[in-house]
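>>> structure, please.
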Amino acid sequence: MKKQFELLGVLAILFTVELSGCNQVSNTINPEKNKFVGTWQGKTSDITGVHNITIILFSDGTSSFKGFSGTWDLKDGKLVIEITTGMGSGTFVFNYTFSNNDRTLTITAMDTGTILELEKQ
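Predicted coordinates for the structure are as follows:
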C-alpha cells in the first residue's frame, strides 16, 4: 500500500511539472521572420532621380517607412507591409530573396514588378 502511495505521489509530481509549461507564451520569433528584423537601406531611381529608402521592421510586427508607421508579416511566402498615412492606408506585397549571409534583401513588388535591393544596417 505504501508503494502505491509513493507511485501516486511521483505520478502527481510528474503530471504537475508537465502541465506547468502549458501556459507559457513563447517570446521567440519565427527564424524566417527574424531575418527581416532590422533597418534596411536601399536606393531606387525614377524620372526625378535616385532616392534613398529606409525600411525598419521591428520584431513585434510593426514597421516604419518614410516616417509612416505600419505593420509587416510573412503570409503565403510573401512579405506583406501595411502602411498607414494621413490619407489612408496601403498594403504592399513582395516576393523576397536573401543573399550575402542574409545581409541583402531583394524584394519584388507583386503589383508593379519593381525590384529593390536593400542592405541590412
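>>> check the secondary structure at residue 33 for me.
Secondary structure, DSSP: H, G, I helix; E, B strand; the rest coil: residue 33 is helix.
>>> pLDDT wise, what is the residue nearest the centre of the chain at?
Closest to where the C-alpha atoms of the chain average out (C-alpha atoms, centre = their mean) is residue 33, at 3.7 Å. On pLDDT, residue 33 comes in at 94.
>>> that one reaches residue 80, doesn't it?
No: contact criterion C-beta atoms under 8 Å: residue 33 and residue 80 do not qualify, at 11.6 Å. Using the backbone N, CA and C atoms, a C-beta is placed for each residue, glycine as well.
>>> need the overlap of contacts for those two.
Overlap of the contact sets of residue 33 and residue 80 (by C-beta atoms under 8 Å, 6 or more residues apart in numbering) consists of 73-74.
>>> need the contact partners of stretch 113-121.
Here stretch 113-121 has contacts from 38-42, 44, 53, 55, 102-109, using C-beta under 8 Å, 6+ apart.
>>> just to be sure, which of those are found in strands?
38-42, 44, 53, 55, 104-109 (DSSP state E).
>>> okay if I get the residues you listed as a markdown table plus distance to residue 95 and pLDDT?
Listed next are the ones in strands among the contacts of stretch 113-121 as a markdown table, based on distance: C-beta to C-beta, whole Å; pLDDT from 0 to 100:
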| residue | distance to residue 95 | pLDDT |
| --- | --- | --- |
| 38 | 19 | 97 |
| 39 | 21 | 97 |
| 40 | 16 | 97 |
| 41 | 20 | 96 |
| 42 | 16 | 93 |
| 44 | 16 | 75 |
| 53 | 17 | 90 |
| 55 | 15 | 94 |
| 104 | 15 | 96 |
| 105 | 11 | 96 |
| 106 | 9 | 95 |
| 107 | 7 | 95 |
| 108 | 5 | 95 |
| 109 | 8 | 94 |
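>>> fine by me, we can end here.
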